[in-house]
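Engineer: Sequence first, then the predicted structure:
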Amino acid sequence: MDALLIVDLQNDFCPGGALAVPEGDAIIPVVNELAEQFDHVLQTQDWHPEGHQSFASSHPDHEPYDVIEVDYGEQVLWPDHCVQGTEGANFHPELDTTHSELVIRKGFRPEIDSYSAFYENDGETPTGLAGYLRDRGIDTLYLCGLATDFCVKWSAVDGRQEGFDVYVIENATRGIDQDGSLSQAWAEMNDAGVQVVSSEAALDLAVA
Ligand code: VGL
Ligand code: ZN
């Protein structure tokens, strides 16, 4: 069984937001069409407390996009974004969320960032998504949303690791592209066995 997973389509990742992904909002009409057609739709929501460790503002000697060492490895420092309860953390108002069965919130532990829908960035704290999918008999995931080179990539690679078939819908995702991270992300996804499809091909495959 197939599911569409819409990653972090929130105000702060769209133009005008705190961590805007170029053209982030351009995917919304495509995502809405996909959401209408899939039998199962899931979403993630980046959901940080104020003062989160991933915020540059929590590290007085650093600026946004610096990379620091933390307990679980390298951490990019971001502008404050998707703070719990703020407008920036809300889903984009044009996103049709009526079809969504489940919203997985992530990044709410103050000391751990969480890009992947499956695991926090320590690589071992699960979000519960794998169990939910298995319980529901879902074995194939179609990913869309933001950002291609961070939360979408980590979710896709971890999904493969967990044994799911994973497709990334190329025209329904956009990247941040920090220091070449976008082309590296496509290469890593390819190496992990993630397949790349257009939204038209995804609809043919999944809804046929
Ligand atoms: C994301 C950076 C920080 C994402 C979330 O959704 O890709 N990127 N938090
Ligand atoms: Zn975040």
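Structural biologist: Ah, there it is. Ligands and ions are numbered 1, 2, ... in the order given.

Engineer: The longest strand along the chain packs against which elements?
Structural biologist: Ranked by residue count under DSSP state E, the longest strand found in the chain is strand 165-174. With contacts taken as 3 or more Cβ pairs under 8 Å, 6 or more residues apart in numbering; DSSP states H and E, strand 165-174 sits against helix 28-37, strand 140-146, helix 153-161, strand 195-197, helix 199-207. Where you see a C-beta, it was placed from the backbone N, CA and C, and this is true even at glycine.

Engineer: Is that strand positioned near ligand 1?
Structural biologist: No - applying Cβ under 6 Å from any ligand atom, one finds strand 165-174 out of contact with ligand 1, separated by at least 9.9 Å.

Engineer: Now do the same for the most far-flung residue of the chain relative to its centre: its pLDDT.
Structural biologist: Residue farthest from the centre of the chain, counting by Cα atoms, centre = their mean, is residue 61 at 28.2 Å. Note for residue 61: predicted pLDDT of 96.

Engineer: List the contacts of it.
Structural biologist: Counting by Cβ atoms under 8 Å, 6 or more residues apart in numbering, residue 61 makes contact with nothing.

Engineer: Same check on the one 3 residues further on?
Structural biologist: Counting by Cβ under 8 Å, 6+ apart, residue 64 makes contact with 56, 77-79.

Engineer: Backbone dihedrals for it, please?
Structural biologist: phi -50, psi 140 (degrees, to the nearest 10).

Engineer: State the mean pLDDT of the helix or strand hosting residue 183.
Structural biologist: Here residue 183, judged by DSSP states H and E, is contained in helix 181-191. For helix 181-191, the mean per-residue pLDDT is 97.

Engineer: Quick check: which helices or strands does it pack against?
Structural biologist: Applying 3+ Cβ pairs under 8 Å, 6+ apart, one finds that helix 181-191 contacts helix 153-161, strand 195-197.

Engineer: any idea what sits nearest whichever residue of the chain sits closest to ligand 2, other than its immediate chain neighbours?
Structural biologist: Nearest residue of the chain to ligand 2 (Cβ to the ion) works out as residue 46 at 4.2 Å. Using Cβ to Cβ, 6 or more residues apart in numbering and skipping the chain neighbours, the partner closest in space to residue 46 is residue 82 (3.9 Å).

Engineer: What residues does the one you found make contact with?
Structural biologist: For residue 82, counting by Cβ under 8 Å, 6+ apart, the contacting residues are 8, 10, 12-13, 18-19, 45-48, 88-89, 107.

Engineer: Tell me the one of the residues you listed nearest ligand 1?
Structural biologist: Distance to ligand 1 across the contacts of residue 82 (Cβ to the nearest ligand atom) is lowest for residue 8, with 3.6 Å.

Engineer: so how many other residues sit close to the closest one?
Structural biologist: Residue 8 has 29 neighbours, counted by other Cβ atoms under 10 Å.

Engineer: next one: residue 100
Structural biologist: 17.

Engineer: Also residue 173?
Structural biologist: What residue 173 shows, counting by other Cβ under 10 Å, is a neighbour count of 27.

Engineer: hmm, back to that, just tell me which of the helices and strands packed on strand 165-174 ends up closest to residue 127.
Structural biologist: helix 153-161 (9.6 Å; Cβ to Cβ).

Engineer: Quick check: strands, which of the contacts of residue 82 are part of them?
Structural biologist: Residues from the contacts of residue 82 lying in strands, with DSSP E as the criterion: 45-46.
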